[in-house]
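Peer 1: The sequence isn't on hand, but the structure is:
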């Protein structure tokens, strides 16, 4: 059997011969695809000028947790006949990742270009939703009432984006809010099937047919909606990177937008996080350790008395004046000083 001939035929059918022939200007691929032997063979002798790693914070955020293929992008680059220019982009990279990612991608003497990440049109707020009721159901009812009040207060004409930590919470919130605002609410998470239905739900929100979206973190990257006036974290996010990505959906049209982070002192959100860590630990102790570290950063961000904007910029190795005058903490300090 002529294996090479059959392999070439298969690669041609998949379109993998086009880069080698110079017929493609751009080729989009997942990190998992870069580990495919047939893909590597097709790319090895192609004239690739540049490899762009978009949302490169995922190399460390996801590579050490549930998508280890991100950690091997650099290995793929090393297998190419001619080393290409490597461009890694992110608006939410942490200071630690800034040191790690160039090594993981095998970048030689990288030049780091940074823009000012401040978003003066975003009003960052923390909201204590601690409830002393005995049952979880009662405490969630209290939190949902707070959410409804915020929607009534800040939701005018544009869109609202609500992040919940689990698909169960997303579905529960959807059922409640859809009853209160029929035809105006949609949802998005990985378990919605079939895929076509998920795309329809996303389309409705992106085109303004439904104004309130409830989602897990699945919605936070690569989504650009110009008119989001309110982002609410119903539960604490799983990492600072997730939080920054998610509030970054707000106010993209330049108008003022509110980003409200719910937190509680009763341990309900912590219980969800601990359950998630326990589940991940069965697959990878290292991944569980990374997630726990990320959650500790979020916990410190929520419960300290620092300016929220300063904390975010310090996380990304940028600096801010002592008071931003627009977050919960700074507003409270101003009131106390009067």
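Peer 2: Arrived safely, thanks for sending. Small disclaimer: the values here were computed from a predicted structure and weren't measured.

Peer 1: Contacts for stretch 143-160, please.
Peer 2: 127, 129, 131, 162, 173, 176-177, 180, 205, 208, 211-213, 225, 227-232, 234, 255, 258, 260, 262, 264 (Cβ atoms under 8 Å, 6 or more residues apart in numbering). From N, CA and C alone the C-beta is placed, and that goes for glycine too.

Peer 1: Next: stretch 95-108.
Peer 2: 53, 56-57, 59-61, 63, 71, 73-74, 77-78, 86, 88, 93, 110, 112, 314-317.

Peer 1: Quick one: classify residue 213 as helix, strand or coil.
Peer 2: strand (DSSP: H, G, I helix; E, B strand; the rest coil).

Peer 1: Around it, how many other residues sit close by?
Peer 2: 27 (other Cβ atoms under 10 Å).

Peer 1: okay, now the nearest residue to it once chain neighbours are set aside: neighbour count?
Peer 2: Excluding the flanking residues, the one nearest residue 213 by Cβ to Cβ, 6 or more residues apart in numbering is residue 205, at 4.6 Å. Residue 205 is flanked by 25 other residues according to other Cβ under 10 Å.

Peer 1: Is it correct that residue 205 is in contact with residue 228?
Peer 2: No: using Cβ atoms under 8 Å, residue 205 is not in contact with residue 228; the gap is 9.7 Å.

Peer 1: Residue 314 is in what secondary structure piece?
Peer 2: helix 308-315 (DSSP states H and E).

Peer 1: Run through who's touching that helix.
Peer 2: Against helix 308-315 from outside (Cβ under 8 Å, 6+ apart): 94-95, 117-118, 124, 126, 240, 244, 297, 301, 304, 319-322, 324, 326-330.

Peer 1: could you redo the last one with a cut-off of 7 Å?
Peer 2: 94-95, 117-118, 124, 240, 244, 301, 319-320, 324, 327-329 (Cβ atoms under 7 Å, 6 or more residues apart in numbering).

Peer 1: Now do the strand or helix carrying the residue nearest to residue 213: which elements does it pack against?
Peer 2: In this structure, residue 205 sits in helix 195-206 according to DSSP H and E. In this structure, helix 195-206 makes packing contacts with strand 185-188, judged by 3 or more Cβ pairs under 7 Å, 6 or more residues apart in numbering; DSSP states H and E.

Peer 1: Work out the gap between the strand it packs on and the centre of the chain.
Peer 2: 17 Å (Cα atoms, centre = their mean, to the nearest Å).

Peer 1: partners of that strand, with directions?
Peer 2: strand 212-215 (parallel) (DSSP bridges).

Peer 1: low-scoring stretches of the stretch 51-200 of the chain, by residue?
Peer 2: The stretch 51-200 of the chain contains residues with pLDDT under 70 at 66.

Peer 1: Please enumerate the helices of the stretch 151-300 of the chain.
Peer 2: Per DSSP state H, counting those that start in this stretch, the stretch 151-300 of the chain carries helices over the ranges 167-180, 195-206, 240-247, 268-281, 285-303.

Peer 1: among those, which is nearest residue 67?
Peer 2: Smallest distance to residue 67 across the helices of the stretch 151-300 of the chain (Cβ to Cβ): 10.1 Å, for helix 285-303.

Peer 1: which helices and strands does that closest one pack with?
Peer 2: helix 240-247, helix 268-281.

Peer 1: In terms of secondary structure, what does the first one contact?
Peer 2: What that stands for is helix 240-247. helix 285-303.

Peer 1: Now find how far off-centre the helix it packs on is within its chain.
Peer 2: 15 Å.

Peer 1: ok, residues contacting that helix?
Peer 2: By Cβ under 7 Å, 6+ apart, helix 285-303 touches 64-66, 126, 236-240, 243, 261, 263, 273, 277, 280-281, 311.

Peer 1: Could I get the buried residue list for that helix?
Peer 2: By neighbour count with 16 or more other Cβ atoms under 10 Å, helix 285-303 contains the buried residues 287-288, 290-291, 294-295, 297-298, 301-302.
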